[in-house]
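> Have a look at this prediction, sequence included:
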Amino acid sequence: MKHVEKILLSKYVDKEIEDEKTKNEIKRHLNVCNYCMDIYNSYININSLIKNYDIKSDENPYLAFVQKKVKLSNSMKTNFRFSLSFGITLALIFLISFSLTLFATKRNVDFTKRVSTSVVDMSFDNFFSEDYSSVVSTVNFDK
Amino acid sequence: MEKNNLNDEILIENFLKGDESSFKIIFERYYEKVNRIVYSYTKNYDDAKDVTQEIFLKVYESLKSFKKKSKFSTWIYRISVNMSISFLRKKSKEKNLFSIDEVGDIEERVEEDEPSYDRKLAEKILFELPENQRLAFILSQKEGKRYKEIAQILNVSEKAVESLIYRARENIKNFLEKNKIM
């Protein structure tokens, strides 16, 4: 007699066999085969044993959940506030330093302008000063 | 109709409309189931409790993104499996850094209530199994899930679930015979 495959028996125990014909064949076979019946019974016993698997339940898990949720939302609010104030401070520092740099650059440009203008003035003054005039006068333009 | 009798989908809709009490019902409906799944990974009661709370926080935050492509129970079990696995990964990294943590675990276990013989035996048998076999078997026998749904939760094929459950049964049978329990 050909026995039922164990994997098929396992599916049969879980009522996972959809094909009616296969189901009936297994059922008929179990009535006449002690070997397969023993395996079937052992699978059923294992199921009832595993049904005892459980873990200790908390007194009020929902309360703990709500507390955790509130704590999380508070810390998120604090983080948001911190990030916001940090952001504002950074923006202010940037603005101040930017305006200072702009001011300083403008002043530098004015100063350079003034310096360069006075240097040019001085050069012209010097060029047409007596010393240069004497040099110019010595140059022979006729050549 | 009493709120407790409403199905998950209606409760979710109500929650998304602003009814917080609907979430409480979902929480109470699934807390123990999720806790059992997580415990089958962590093997530690306190860790399981913490991870379960984290899972519900995640569910609370992301219910809006639940697309109803699968059943809610499949979705929440899938989150549970993923978060348990990441918790174990994180813990194993930490364990490598602080191996002294082991002592704390042992002390915590002593403080727990003594479970009944049957419960202890069931736990011992299940923890003898490889992780995937254990979870597939718990989902099938304890949570009453069909193979198709287990396949979605574990992200494997239905054939693979069939084989996982069969091998779990055979391993348990061998364990019981070896220890002359059955």
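Nice, thanks for sending it over. Numbers count the residues shown, from 1 in each chain, chains lettered A, B, ... in the order given.

> Which stretches in chain A count as helices?
Secondary structure of chain A (DSSP state H): helices located at A:6-13, A:20-32, A:34-50, A:61-127, A:130-138.

> tell me the most buried of the ones you listed?
Here the criterion is mean neighbour count by mean count of other C-beta atoms under 10 Å in any protein chain shown, and of the helices of chain A the winner is helix A:6-13, at a mean of 20. All C-beta spots, glycine's among them, are computed from the backbone N, C-alpha and C.

> from the middle of its chain, how far away would it be?
Relative to the mean C-alpha coordinate of its chain, helix A:6-13 is positioned 47 Å out (C-alpha atoms, centre = their mean, to the nearest Å).

> before we move on, what about stretch B:167-182?
With C-alpha atoms, centre = their mean as the basis, the mean position of stretch B:167-182 lies at 23 Å from the chain mean.

> residues contacting residue 40?
Unless you meant another one, I'm taking chain A. Counting by C-beta atoms under 8 Å, 6 or more residues apart in numbering or on different chains, A:Tyr40 touches A:9, A:12-13, A:30.

> other chain: chain B
B:126, B:134-135, B:138 are the contacts of B:Ser40 under C-beta under 8 Å, 6+ apart.

> tell me the centre residue of chain B?
Of all residues in chain B, the one closest to the mean position by C-alpha atoms, centre = their mean is B:Ile37, 1.2 Å from it.

> Hmm, B:Asn82 and that residue touching each other?
No - using C-beta atoms under 8 Å, B:Ile37 is not in contact with B:Asn82, being 11.0 Å away.

> Got the domain ranges for chain A?
A:6-50, A:56-143 (automatic domain parsing).

> any chance of these in TSV, with mean pLDDT and distance to B:Lys95 too?
Formatted as TSV, those follow (pLDDT from 0 to 100; distance: least, C-beta to C-beta, whole Å):
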stretch	mean pLDDT	distance to B:Lys95
domain A:6-50	94	29
domain A:56-143	75	24
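
> Turn these into TSV, columns for distance to B:Tyr117.
Shown next, in TSV, are the domains of chain A (distance: least, C-beta to C-beta, whole Å):
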stretch	distance to B:Tyr117
domain A:6-50	11
domain A:56-143	15
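
> Dump the contacts of B:Ser40 into CSV; add secondary structure, distance to A:Gln67 and neighbour count as well.
Output for the contacts of B:Ser40, formatted as CSV (DSSP: H, G, I helix; E, B strand; the rest coil; distance: C-beta to C-beta, whole Å; neighbours: other C-beta atoms under 10 Å in any protein chain shown):
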residue, secondary structure, distance to A:Gln67, neighbour count
B:Leu126, helix, 31, 23
B:Arg134, helix, 31, 20
B:Leu135, helix, 29, 24
B:Ile138, helix, 29, 22
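
> Now do the SS call for B:Glu170.
helix (DSSP: H, G, I helix; E, B strand; the rest coil).

> hmm, back to that, contacts only, for the residue nearest to the centre of chain B.
B:Ile37 sits next to B:77, B:80-81, B:84, B:135, B:138-139, B:143 when contact means C-beta under 8 Å, 6+ apart.
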